[in-house]
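>>> prediction below, plus the sequence it came from.
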Amino acid sequence: MREVVSRGLVFTAFSISIARFYSCCVGSSQVDGPNIPDIAKRFGTKGRYEEVNPYLLADILAVNKTVLKPPPGCDAVHLTVIIRHGTRFPTKKNVIKMHNIYNLVMAEAKSNAGWLHEIKSKWQMWYKEEMDGRIVEKGRDDHKHLAVRLATAFPSLFSEGNLRGNRIKFITSSKHRCVDSIVAFQEGLQRLWDVRDVDFSHEVNDNLMRFFDHCRKFIEDVENNESALKEVDLFKSSAEMKLVQEKMADRLQVPQSHITPDMAEAAFFLCAYELAIKSENSAWCNLFDESDAQVLEYKNDLKQYWKRGYGYDINRKSSCTLFHDIFTRLNQAANEIRSGDVTEPVAVQVGHAETLLPLLSLMNLFKVETPLTAANFAEQHDRTFLTSRMVPYAANLAFVLYSCSEGPRLQLVLNERPLAFPGISDPVPLFRDVKEQYGELLSGCDFDKECELPPSNCSKCSEL
Ligand SMILES: O=P(O)(O)O[C@H]1[C@H](OP(=O)(O)O)[C@@H](OP(=O)(O)O)[C@H](O)[C@@H](O)[C@H]1OP(=O)(O)O
């Protein structure tokens, strides 16, 4: 990749730190090798971060400095980044589904294909219910490496001085995989700067990072509402899904009626998790071709769209507190520019896909004209709402504030790629223009008001 520059070009002290990091920390768990399933870019929220930025496969610490650079005459003064936890085990409910398809294959599949022989004779079912969404080693590495790349891209913010001075704020969701991720992120910085004597702390804040658990209207209208995901249910019995099931049955040589939509999806997840966790192109991936993967990718996108995205307004609005908190930090930093001392140069905040997707939607990013439905798979072929690109493991949305002679500017960076603000042509607009663009949200978007239920629906309110 020509546009990817070596980390060593940043500055000397930093180069030494990077070299130190390489010698101690980039090893066996680094992702390498070309052995990647053709369908790897279709795994949605179960996708690897490396599929979004494939140059990382060659160098996990590479930073694309041609795109991640300050506007001319500007200096970065503050960065808030919202990060999804790193790669994790499947959740319990999906482990159970994986066992179901595995048992069926072991008992009934009889094709002579080499890959099936491999599944039956070599591959061992190793996923256990108790793994239930916990972080894996690769997930810790996701965050360690991301920490180093962000520090490389923004060396004056993630500086040794700022680390030693406890000027970097760390906030996380209470969920084990998020706490483990933020600790790994801190370890990445600690090893980079060799500051083992510095004690890092983090704040657990579910109001900010798991706001969806506290929004009554979301819980009642979406989370606990059986019909909220009706488009997903309809798509399960669509012609597109039936074809995936038929092709799978054919490849395995089992009766078509024995392959359920859940089994098809579980086999797809097996392919995804073997890649994400073990960097392996598993024999399970042979059950799908590109068109099957597009259908299963759409099924996941439908879930995310209706449960966390534009499908229901409350999904977006449930992130009002996080949105306001981000802009409060940015405002404070912008106000401190004149004094020459931005007291909090960095805020690192770790959460979930269900933290990032509502926020991206609140900010009108990746908006689609026509809602995603069970009936418009073909029409949505070129959709922008593509979770494979938006929220893989360790997905991150950074708000970078620059001090410039004409006033502070704000850049949005998703997964280490600059992202334009909707309705603004300048790639790094003046901060005041961004605030004007989001004026309605900044002056409204009240979490308590948006999330309150009409009194008649509030029988369970006291339990929250
Ligand atoms: O389909 P699973 O069981 O993996 O769903 C998870 C969520 O994963 P996602 O749908 O985003 O792939 C998980 O989000 P994460 O960002 O923490 O990985 C979510 O927290 C968890 O509750 C599961 O959601 P569900 O309500 O069981 O669908």
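Everything's here; your move. Numbering: from 1, shown residues only.
>>> show the subsequent helix or strand relative to the host helix or strand of Tyr305.
Take DSSP states H and E as the rule and Tyr305 turns out to sit in helix 290-307. Taking DSSP H and E as the definition, the helix or strand that follows helix 290-307 towards the C-terminus is helix 313-317.
>>> same question for that following helix: list its buried residues.
By neighbour count on 16 or more other C-beta atoms under 10 Å, the buried set for helix 313-317 is Ile314, Asn315, Arg316, Lys317. The way it works is simple: take the backbone N, C-alpha and C, and place the C-beta from them, glycine included.
>>> name the residues of the stretch 251-400 of the chain found near the ligand, please.
Proximity of the stretch 251-400 of the chain to the ligand is confined to His352, Ala353, Glu354 under the rule C-beta under 6 Å from any ligand atom.
>>> out of those, which sit inside helices?
Among these, the subset assigned to helices under DSSP state H consists of Ala353, Glu354.
>>> columns neighbour count and pLDDT on top of the residues of the stretch 251-400 of the chain next to the ligand, output as JSON lines?
Shown next, in JSON lines, are those (neighbours: other C-beta atoms under 10 Å; pLDDT from 0 to 100):
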{"residue": "His352", "neighbour count": "21", "pLDDT": "98"}
{"residue": "Ala353", "neighbour count": "21", "pLDDT": "98"}
{"residue": "Glu354", "neighbour count": "25", "pLDDT": "98"}
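>>> rewinding a little: same for the helix holding Tyr305, what does it pack against?
Contact partners of helix 290-307 among helices and strands, from 3 or more C-beta pairs under 8 Å, 6 or more residues apart in numbering; DSSP states H and E: helix 230-236, helix 239-252, helix 261-278, helix 353-362, helix 387-390.
>>> centre of the chain versus it, how much separation?
Put simply, helix 290-307 sits 16 Å off its chain's centre (C-alpha atoms, centre = their mean, to the nearest Å).
>>> what's the burial count for the closest residue to Leu234 other than its chain neighbours?
The shortest distance from Leu234 to any residue that is not its chain neighbour, by C-beta to C-beta, 6 or more residues apart in numbering, is 3.5 Å, and that residue is Ala374. Using other C-beta atoms under 10 Å, Ala374 has 19 other residues around it.
>>> any idea how far Ala374 lies from Lys299?
Using C-beta to C-beta, to the nearest Å, Ala374 is found at 9 Å from Lys299.
>>> what of Ala420?
From Ala420 over to Lys299 the distance is 29 Å, taken as C-beta to C-beta.
>>> neighbour count: those two, which is higher?
Set Ala420 next to Lys299 and count neighbours by other C-beta under 10 Å: Lys299 wins out with 24 against 14.
>>> His85 against Val183, yeah?
No. Between His85 and Val183 no contact is recorded; they are 11.1 Å apart, counting by C-beta atoms under 8 Å.
>>> who's more crowded, those two?
Neighbour tally, His85 and Val183, criterion other C-beta under 10 Å: the higher count belongs to His85, 30 against 20.
>>> what parts of the stretch 1-150 of the chain come near the ligand?
So the stretch 1-150 of the chain meets the ligand at Thr45, Lys46, Arg84, Thr91, Lys93, Asn94 (C-beta under 6 Å from any ligand atom).
>>> let's see it at 8 Å
Taking C-beta under 8 Å from any ligand atom as the measure of proximity, the stretch 1-150 of the chain contacts the ligand at Gly44, Thr45, Lys46, Arg84, His85, Arg88, Pro90, Thr91, Lys92, Lys93, Asn94, Gly133.
>>> so who does the fourth one touch?
Going by C-beta atoms under 8 Å, 6 or more residues apart in numbering, Arg84 touches Val350, Gly351, His352, Ala353, Thr355, Leu356, Val391, Pro392, Tyr393, Ala394, Ala395, Asn396.
>>> tell me how many other residues crowd the fifth one.
If I follow you right, that is Thr355. Applying other C-beta under 10 Å, we find 29 residues neighbouring Thr355.
>>> ok, the one 5 residues further on next?
Leu360 is flanked by 25 other residues according to other C-beta under 10 Å.
>>> for it, give its distance to Asp194.
Plainly put, Leu360 is 36 Å away from Asp194 if you go by C-beta to C-beta.
>>> and the residue of the stretch 51-200 of the chain nearest the ligand?
When you check the stretch 51-200 of the chain against the ligand by C-beta to the nearest ligand atom, the closest residue turns out to be Thr91, at 3.4 Å.
>>> any idea how far that residue is from Gly165?
Taking C-beta to C-beta as the measure, Thr91 falls 39 Å from Gly165.
>>> quick check: neighbours shared by Ala374 and Lys299?
The contact lists of Ala374 and Lys299 share Val232, Phe235, where a contact means C-beta under 8 Å, 6+ apart.
>>> buried set for the helix holding Tyr305?
Burial within helix 290-307, assessed by neighbour count using 16+ other C-beta under 10 Å, is assigned to 292-307.
>>> about what we covered before: ok, of the buried residues of helix 313-317, which one's closest to the ligand?
Proximity of those to the ligand was ranked by C-beta to the nearest ligand atom; the top entry is Asn315 with 12.9 Å.
>>> for Gln411, see how far away the closest one is.
Counting by C-beta to C-beta, the separation of Asn315 from Gln411 is 26 Å.
>>> give me the contacts around stretch 233-253.
Under the contact criterion C-beta under 8 Å, 6+ apart, stretch 233-253 has outside partners 105, 108-111, 113, 116, 255-256, 258-261, 263-264, 267, 286-289, 292, 295-296, 298-299, 302, 373-375, 377.
>>> any idea of the mean pLDDT in that stretch?
The average pLDDT for stretch 233-253 rounds to 98.
>>> same question for stretch 295-304.
Per-residue confidence for stretch 295-304 averages out to 98 on the pLDDT scale.
>>> ok, and what's touching it?
When contacts are defined by C-beta under 8 Å, 6+ apart, stretch 295-304 is touched by residues 42-46, 229, 231-232, 235-236, 240-241, 243-244, 264-265, 268, 288, 353, 357, 372-374, 377, 380, 383, 385-388, 391.
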